[in-house]
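1. What would the 3D arrangement of this be:
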Amino acid sequence: MNPRKDLRKDVRYTLQVPVLYAWKNTNRNEQRVQGRTRDISVSGAFIWAAVCPPEGMAVKVDMVLALVPDAVRSLRLNATGRVVRCEQPASEGAMGGFAISMQRVLMHGAETTSTEGG
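-> Numbers count the residues shown, from 1 in each chain. As a prediction, the model looks like this:
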C-alpha cells in the first residue's frame, strides 16, 4: 500500500455547513446539487455529496458560513474552482464526496432567509 502524501499548504478547519454546488455537464446543462462541507481552508474545501462532479471539472459553490439565530444578515461564501479529487462511498449507504481547489472566492454579508442554516 502506498500512503498518499498530504500536499495541502493551508490549514483545514472542520466546518459542516450546507453547500449548493453547480457545474455544466457534457451537454452544457447546469447541474445543481446540495451537499455538506466536511472541512474548509482558504484555498479549498471537501464536500460530502451524493453526486460528485468529474475530476478536473469547473464548479461554483455557495455556502453560508455563519448564521446567528434571529440575525438579519449572515456570512456567505461564493467561489469558483476545480474538482481535484473524488472519493467514492466507503460502504453501502455511506456518502462520497469531492475536494475542490478554490480559485475565486467572494465572502460577503447576505440577508438571511427562513431556509438557510436549517
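2. Can you tell me the closest non-neighbouring residue to the most centrally placed residue in the chain?
-> What sits nearest the mean C-alpha location of the chain, by C-alpha atoms, centre = their mean, is residue 47, with 4.4 Å. Take residue 47 and drop its neighbours on the chain: the residue closest to it by C-beta to C-beta, 6 or more residues apart in numbering is residue 35, 4.4 Å away. Yep, even glycine has a C-beta here, placed from its N, CA and C like the rest.
3. Can you list the residue ranges for strands in the chain?
-> For the chain, the strands defined by DSSP state E cover 13-14, 18-24, 30-40, 44-49, 58-66, 73-87, 96-111.
4. tell me what the helix-or-strand element of the chain with minimal mean pLDDT is packed against?
-> The least trusted helix or strand in the chain, going by mean pLDDT, DSSP states H and E, turns out to be strand 96-111, with a mean of 88. Judged by 3 or more C-beta pairs under 8 Å, 6 or more residues apart in numbering; DSSP states H and E, strand 96-111 is in contact with strand 44-49, strand 58-66, strand 73-87.
5. Deepest-packed of the strands of the chain, please.
-> Highest mean neighbour count among these (mean count of other C-beta atoms under 10 Å): strand 44-49, with a mean of 22.
6. What is that one packed up against?
-> strand 18-24, strand 30-40, strand 96-111.
7. low-confidence ranges in the protein?
-> The model of the chain has pLDDT under 70 over residues 1-8, 67-72, 111-118.
8. can you pull the contacts of the residue nearest to residue 39 when sequence neighbours are not counted?
-> Once flanking residues are discounted, residue 39 sits nearest to residue 12: 4.4 Å by C-beta to C-beta, 6+ apart. Residues in contact with residue 12 (C-beta atoms under 8 Å, 6 or more residues apart in numbering) are 39, 40, 41, 46.
9. hmm, try it at 7 Å
-> Residue 12 makes contact with 39, 40, 41, according to C-beta atoms under 7 Å, 6 or more residues apart in numbering.
10. ok, now residue 40?
-> Residue 40 is in contact with 12, 13, 15, counting by C-beta under 7 Å, 6+ apart.
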